[in-house]
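whatever this is, show me its structure:
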Amino acid sequence: RLNVPDLLKVWLWSGVSREEHAAVDGTSVAMEDDFNVGGASMSRPGDPRGGPENVINCACGLAFERG
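Below you'll find the predicted structure:
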C-alpha cells in the first residue's frame, strides 16, 4: 500500500504563455508543500492564492509520483 507521505506532486506546464509557469514545469514538491510560482506560493495550478495573474486562463496540470 502506498502512503500519501510517499507521494510528490509535480507541476505540469501546459506550454501556453506564462514564463513563471514554464519555470516550475516538472518541479516536484511534497504533498503538503507549495510550489513557488513567480514568488507566489501555490499548492496547485489554479490555486487562488497565486492571484489573478497566475490563475486566470491557466491550463497547467498536476501529476503525482512516488517520492
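
CA atoms for contacts and neighbours, from now on please.
Fine.

report the contact partners of the residue nearest to residue 54 when sequence neighbours are not counted.
Nearest non-adjacent residue to residue 54, counting by CA to CA, 6 or more residues apart in numbering: residue 46, 7.4 Å away. Neighbour list for residue 46: 54-56, 58 [criterion: CA atoms under 8 Å, 6 or more residues apart in numbering].

going by neighbour count, list what's buried in the helix or strand harbouring residue 54.
If you go by DSSP states H and E, residue 54 is part of helix 52-55. Across helix 52-55, burial judged by 16 or more other CA atoms under 10 Å covers 54-55.

mind exporting stretch 15-34 as CSV, just the C-alpha atoms?
Extracted C-alpha coordinates of stretch 15-34, given in CSV (Å, rounded to 0.1, in the frame of the first residue of the first chain):
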residue,chain,number,x,y,z
GLY,A,15,3.0,25.0,-22.9
VAL,A,16,0.9,28.1,-23.2
SER,A,17,2.4,31.5,-22.2
ARG,A,18,3.4,32.4,-18.6
GLU,A,19,7.1,32.2,-18.2
GLU,A,20,6.6,31.8,-14.4
HIS,A,21,4.6,28.6,-15.0
ALA,A,22,7.2,27.3,-17.5
ALA,A,23,9.9,27.9,-14.9
VAL,A,24,8.3,25.4,-12.5
ASP,A,25,7.4,22.8,-15.1
GLY,A,26,8.4,19.3,-13.9
THR,A,27,9.1,20.6,-10.3
SER,A,28,8.1,18.2,-7.6
VAL,A,29,7.3,19.0,-4.0
ALA,A,30,5.9,17.1,-1.0
MET,A,31,2.1,16.8,-0.9
GLU,A,32,1.9,19.4,2.0
ASP,A,33,4.3,21.9,0.4
ASP,A,34,3.7,24.7,-2.1
